[in-house]
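Asker: build me a structure from this.
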Amino acid sequence: MADAFVTFAVRKLGDFLIQEVSLLTNLRDEVRWLRNELLFMQSFLKDAELKQSRDQRVQQWVFEINSIANDAVAILETYSFKAGKGDDGFASCPKACACICKKDNKFYKVSKEIQSLKQRIMDISRKRETYGITNINNNAGDGPSNRPNSQSAMVPTLRRTTSYVDGQDHIFVGFQDVVERLLSELLKAEPCRSVISIYGMGGLGKTALARNLYISPDIVNSFHTRVWICVSQEYNTVDLLRYIIKSIQGCTKETLDLLERMTERDLEIYLRDLLKKRKYLVVVDDIWQREAWESLKRAFPDSKNGSRVIITTRKEDVAERADNRGFVHKLRFLNQEESWDLFCRKLLDVRAMTSPMERLAKDMVNKCGGLPLAIVVLSGLLSHKRGLGKWQKVKDRLWKNIEDDSIEICYILSLSYNDLSTALKQCFLYFGIFPEDRVLEAENIIWLWMAEGFIPRGEERMEDVAEDFLNELIRRSLVQVAGTFWEKVTECKVHDLLRDFAIQKALEVNFFDIYDSKNHSISSLCIRHAIHDHGEKYLSLDLSNLKLRSIIFFDPDFRNMNLINFSSVFQHIYVLYLDILGGTVPYAIGSLYHLKFLSLRGIGNLPSSIGNLKNLQTLCVKSEFRHLCQLPPETADLINLRHLVAPYSEPLVHISKLTSLQILKDISCDQWKDVDPVNLVNLLELSMIDITKSYSLNNISSLKNLSTLKLFCRGGQSFPDLEFLYYCEKLQKLWLDGRIEKLSLLPNSITMMVLLDSKLMEDPMPILGMLPNLRKLEFLRAYQGKEIFCSDNSFRQLEFLSLACLENLDTWHLATSAMLLIKGLRIDHCKKLNKIPQRMKDVKLFKHT
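Answerer: Coordinates of the predicted model:
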């Protein structure tokens, strides 16, 4: 993995030599020497990383190389930043002389620091010979990280092979009998509240089994109040109780203010009262201690109405003692037949597997001991190996680590991880930064990777390359899909065993560290810090000499952003992710010149200094209680901004200056009406809220590259004229939420469409059926008529149709040659539609969950 950091450092050093044309000759020579030495060291890293698991000294050698690479990048970026500040304006000769002196001083300092790095490199060169680390760069290796230029070479390959298609991340194999048994326990006539406990070792699929039960149509129909919470090893009972209440009641300002004032006992009583008259199902996932369950169970009343609780745990004693009347199920391992079935389902191309390869694979699968997580990771690894020889090498490596006739999952994870390219290793490790069991927005992950410099620049959009990287990790079963929409992954997570593995690997190479509030400590060598709680204690540490590049806060109790020393400690960070509740953003945030990613939550307004962040790529402000924030006019100076997600109140008059903008979300119609979008040539996705009939949206047609459009009317309002949509020639995905008086013609480019609360009086099918590329169509309270007509040759590409809450619909006419490619159908709450066309009866039916 250190190879990833050295590669990044070498690229940065090269860029520095090109960009800093005014460098003194001796300093340029120093930087060039440093770059060449790191290139030389890079050739030994593969051999070192293979040996480090067996030799602590070699592990320390890799650690030191990584530290030098990180420090080299930090030194050059600090120099560039300070030298750039020194060049600002030469209003007078004395000032010019002063700036030149300052810049010379910067040259001296950076030269001195590079001299220190040179000495450290000479020291570790001697250690390399002592530890017997050889240059194996010319040997044939299995992993893509062995190939030259693997980052850039990988991109076009990924584009062809890793688009996300399957909507089900977890293929549930081997437990159908268990599902049926547990469903019968959940749905049985017994009125007393009871607890179903599922326990077993990590990787067996406890959460997947519970999720399968949770979304079962029978469960959805039987329990109208359903809540899912993750407890994990580090838990806070107050936060868990608040989360359950918010899941049931919603997140109004009044509710949240009330909950903030409540003690644990108050919350417990409040939740009991809330659940007393409800038949509820609560899933309490990943409990580690009996105390955690004891602190929660008092809040779940027994109203003798058939309510149920499901808990999942690795601990047998937690499961056995959860409820005297409860049902306990120990999750078993898969048998050989089930294991092979799961392996084949996750293999990308089963047809390419020859008989000798199949025999090899069965040997390896059998040694996984029936552990589903081990099987799917192995399948993901072999999916990216071509031919019998490559599979044999995988087997040979695994067989070196067989104990008790089985393979420990850590060895499979290591082998899969080592097979990743440099960029993919970085992307995978990044998941370990986030709290356990956290479901992550795929967009956020992609934008964070870009800001961190993991995504190589090339001919393709970095967002597309990053999405391919995410899909690649999913294909390898290193990342799980938690949500999809419009054929894209929208949410993802990692299994806790994989998260533990990522944290372990990250610490080995100083990739990141997570603040330990108990010991009040964090690694001073890591350039990325994650703070999951006790943020104020973290900020009391002496952070002044750290070369931090990313600060990620997850602390709902942290309020005072004035405690953050933006002017010094955080001055050179790329990423500032503040998942905290509210607070005022200090003016000093404008000094974070290097910042590329800024995420804030519950913020009222941003200072004018935000306009100084010329390198910012992503600005994301998450609102609370549908409040709007205020963006200063200087926001329009963010010339490199690519993603703006912020529900703001005052019009951003010069938004058309943001020519790099690709995604604009949550903009109010009030803020859009006076925008001249003609220069927003890169805008691909637009999401607009609070639309009323009085506004014209015609200027949207000027967005010539727009591919995704989501429009939301103010509650109960109607859309203005939508004829402009016909001129959006590249529009592929369209979401319309609001009353539509008359549906206009749409561009032929549309592939996916949602109509929500449209309340159309005329049958929309004749217009929609003409769209030659439409593949997915969803209606929700969209039509008030009694009949729909799908004529001959209409909906020629349609694969999925959803009809929901069409209360008056009683007849569906479907011509023989209409919807010939339909694969999926969802019909929900169409109470008068008693009969569907005969041909639709063979189509797979879906239900809302």
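Asker: quick one, strands of the stretch 601-750 of the chain?
Answerer: In the stretch 601-750 of the chain, the strands defined using DSSP state E, counting those that start in this stretch lie at 618-622, 643-645, 663-668, 685-691, 708-713, 733-737.
Asker: how about the stretch 301-450 of the chain?
Answerer: Here the stretch 301-450 of the chain has its strands, by DSSP E, counting those that start in this stretch, at 308-313, 327-330, 402-403, 406-407, 440-441.
Asker: run the chain-centre distance for the first one.
Answerer: In other words, strand 308-313. In terms of C-alpha atoms, centre = their mean, to the nearest Å, the centre of strand 308-313 is found 26 Å from the chain centre.
Asker: buried set for that strand?
Answerer: 308-313 (16 or more other C-beta atoms under 10 Å). The C-beta positions use only the backbone N, C-alpha and C, and glycine is treated the same way.
Asker: show me what it is packed against.
Answerer: The helices and strands touching strand 308-313, judged by 3 or more C-beta pairs under 8 Å, 6 or more residues apart in numbering; DSSP states H and E, are strand 194-199, helix 206-214, strand 280-287, helix 316-320.
Asker: tell me what angle it forms with strand 194-199.
Answerer: Here strand 308-313 runs at an angle of 20 degrees relative to strand 194-199 (axes from the mean of the first three to the mean of the last three C-alpha atoms, to 10 degrees).
Asker: what strands line up against strand 308-313, and which way round?
Answerer: Paired neighbours of strand 308-313 in the sheet (DSSP bridges): strand 194-199 (parallel), strand 280-287 (parallel).
Asker: quick one: it to helix 206-214, angle?
Answerer: With the same axes, to 10 degrees as the basis, strand 308-313 and helix 206-214 are set at 160 degrees to each other.
Asker: need the contact partners of strand 308-313.
Answerer: Here strand 308-313 makes contact (C-beta atoms under 8 Å, 6 or more residues apart in numbering) with 186, 193-199, 206-207, 209-210, 213-214, 223, 280-288, 293, 297, 300, 318-319, 322-323.
Asker: quick revisit: out of the helices and strands packed on strand 308-313, which is closest to Val365?
Answerer: Nearest of the helices and strands packed on strand 308-313 to Val365, taken as C-beta to C-beta: helix 206-214 at 18.6 Å.
Asker: what about stretch 695-702, average pLDDT?
Answerer: Here stretch 695-702 scores 91 as its mean pLDDT.
Asker: oops, could you answer that again for stretch 535-553 instead?
Answerer: Per-residue scores along stretch 535-553 average to 86.
Asker: ok, which of the strands of the stretch 601-750 of the chain comes nearest Leu598?
Answerer: Comparing those against Leu598 with C-beta to C-beta, the closest turns out to be strand 618-622 (5.4 Å).
Asker: point to the residue nearest the middle of the chain.
Answerer: Geometric centre of the chain, nearest residue: Ala442, 3.2 Å, by C-alpha atoms, centre = their mean.
Asker: how about that one: what's its closest non-neighbour residue?
Answerer: Val489 (4.7 Å; C-beta to C-beta, 6 or more residues apart in numbering).
Asker: make sure that neighbour is indeed in a strand.
Answerer: Yes. Under DSSP: H, G, I helix; E, B strand; the rest coil, Val489 falls within a strand.
Asker: after the helix or strand bottoming out on mean pLDDT in the chain, which helix or strand is next? Please name it.
Answerer: Across the helices and strands of the chain, mean pLDDT, DSSP states H and E gives its lowest value to helix 150-161, namely a mean of 40. Per DSSP states H and E, the first helix or strand lying C-terminal to helix 150-161 is helix 176-187.
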